[in-house]
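In: need the 3D shape of this:
(one chain, ligands or ions: 1)
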Amino acid sequence: MTAPLRVLVTGAAGQIGYSIVIRIADGTVFGKEQPVELVLLDVPQCTAILEGVVFELQDCALPTLYSVVAVTDEKSAFTGVDYAFLVGAMPRREGMERKDLLAANVKIFKSQGKALAEYAKPTTKVIVVGNPANTNAFIAAKYAAGKIPAKNFSAMTRLDHNRALAQLALKTGTTIGDVKNVIIWGNHSSTQFPDVTHATVKKNGSESDAYSAVGDNDFLQGAFIATVQKRGGVIIEKRKLSSAMSAAKAACDHIHDWHFGTKAGEFVSMAVPSDGSYGIPQGLVFSFPVTIDAASREWKIVQGLNFDDFAKGKIAATTKELEEERDDALKACDDANI
Ligand code: NAI
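Out: Numbering: from 1, shown residues only. Purely as a prediction, here's the structure:
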């Protein structure tokens with residue numbers, strides 16, 4: 001039998017947790033031939049809910065689910081993990097600003113960064129979903145440094161990427177499979193820059209660039225960007241809860257591609273520690289277009305893309321926000337006596 005992969009989901013009693021665990025357990029993420037040992041972490045107050053999720057997973061009778069355990073302490077959660085989905089955090093409620101969230105969440109990710117360093121495999125790959133995702137990933141990477149390389153930490157902007165694909169498909173009357181190479185630059189927040197300059201759309205058998213396919217530059221530089229940037233807020237307004245089904249699906253897409261590699265000729269958006277590409281300050285966890293090599297499971301930032309002045313302005317704004325978040329988080333970490 002192929003050795004099982006040990007996969008941690010934090011916040012597993014929450015709403016994204018409920019949608020994500022089935023996809024990891026049923027082979028959607030790691031393949032139908034790959035057994036998975038699933039570890040579910042949440043806070044002790046959620047013990048009964050976690051137990052209910054474990055029972056439901058057992059009842060799914062999944063051939064790929066080698067084992068599933070529910071835990072409420074970091075040592076049991078992080079020991080020996082191959083992949084960690086860090087979802088658990090305080091979610092943003094209607095009217096709440098991201099900065100209110102930051103102070104509460106930095107503490108969690110400082111502690112989990114240390115726990116990853118102490119207990120997880122040095123090869124562990126981490127996706128941070130809990131908001132503010134980019135900055136939480138930056139903090140977790142900082143406190144795991146020396147044991148786990150920063151390149152193994154990422155934050156999720158795949159939901160924004162998928163939203164951009166969907167809006168482009170809807171506008172051009174095509175389907176998702178016809179649209180590729182949108183880019184989300186920067187932060188998973190309303191300053192993100194959804195960029196279609198390098199995207200293509202296949203319609204009636206022929207492929208063209210997104211600007212030609214849409215034929216409406218005002219839309220692409222206006223309503224399209226605003227819709228993608230603000231989609232999370234609109235979902236909260238409608239559901240009174242933040243995106244869960246789509247967020248879980250996006251996290252699974254992100255890890256699936258990290259594990260299996262991206263398709264030839266396609267890139268995906270992933271927030272990763274900057275290596276200085278495109279002038280983004282080193283170490284900032286910034287969403288870039290990346291390709292992933294299937295054999296090495298290493299991501300590479302797509303190089304050589306050109307920006308016009310419009311794009312430069314958008315990228316500067318999201319960079320500034322991330323630098324401010326980083327500085328606030330570092331200060332909160334000094335204050336967080338853990
Ligand atoms: P939720 O409130 O339903 O679930 C969060 C769970 O995390 C709760 O069960 C809570 O007890 C648990 N939790 C809190 N602190 C924890 C800790 N220290 N260790 C382990 N578990 C802990 O929230 P939901 O809707 O599942 O969202 C989770 C996070 O994902 C939020 O921060 C939300 O803002 C974020 N999110 C990120 C998206 C992205 O695109 N990056 C998209 C949608 C949501």
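
In: what packs against the helix or strand containing Tyr143?
Out: Per DSSP states H and E, Tyr143 falls inside helix 133-144. Under the contact definition 3 or more Cβ pairs under 8 Å, 6 or more residues apart in numbering; DSSP states H and E, helix 133-144 sits against strand 83-86, helix 98-119, strand 125-128, strand 153-155, strand 268-273, strand 285-292, helix 309-335. Yep, even glycine has a C-beta here, placed from its N, CA and C like the rest.

In: need these in CSV with distance to the ligand and mean neighbour count, can you?
Out: Formatted as CSV, the helices and strands packed on helix 133-144 follow (distance: least, Cβ to the nearest ligand atom, whole Å; neighbours: other Cβ atoms under 10 Å):
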stretch, distance to the ligand, mean neighbour count
strand 83-86, 9, 28
helix 98-119, 4, 20
strand 125-128, 8, 26
strand 153-155, 7, 29
strand 268-273, 9, 27
strand 285-292, 10, 24
helix 309-335, 14, 16
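
In: helix or strand for Ala77, which one?
Out: In this assignment (DSSP H and E), Ala77 forms part of helix 74-78.

In: kindly export the helix holding Tyr143 (C-alpha atoms) in CSV.
Out: Written as CSV, here are the backbone C-alpha positions of helix 133-144 (Å, rounded to 0.1, in the frame of the first residue of the first chain):
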residue,chain,number,x,y,z
ALA,A,133,-4.3,34.9,5.3
ASN,A,134,-1.2,36.5,3.7
THR,A,135,0.0,38.0,6.9
ASN,A,136,-0.9,35.0,9.0
ALA,A,137,1.3,32.9,6.6
PHE,A,138,4.1,35.4,7.0
ILE,A,139,3.9,35.1,10.8
ALA,A,140,3.7,31.2,10.7
ALA,A,141,6.7,31.1,8.4
LYS,A,142,8.7,33.4,10.6
TYR,A,143,8.1,31.3,13.7
ALA,A,144,8.9,28.0,11.9
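
In: just the mean pLDDT for that helix, thanks.
Out: Mean per-residue pLDDT for helix 133-144: 97.

In: which residues does that helix contact?
Out: Helix 133-144 is contacted by residues 86, 89, 102, 105-106, 108-114, 116-117, 120, 126, 128, 130, 148, 150, 152-157, 187-188, 271, 273, 283-287, 322, 325-326, 329, 333 when judged by Cβ atoms under 8 Å, 6 or more residues apart in numbering.
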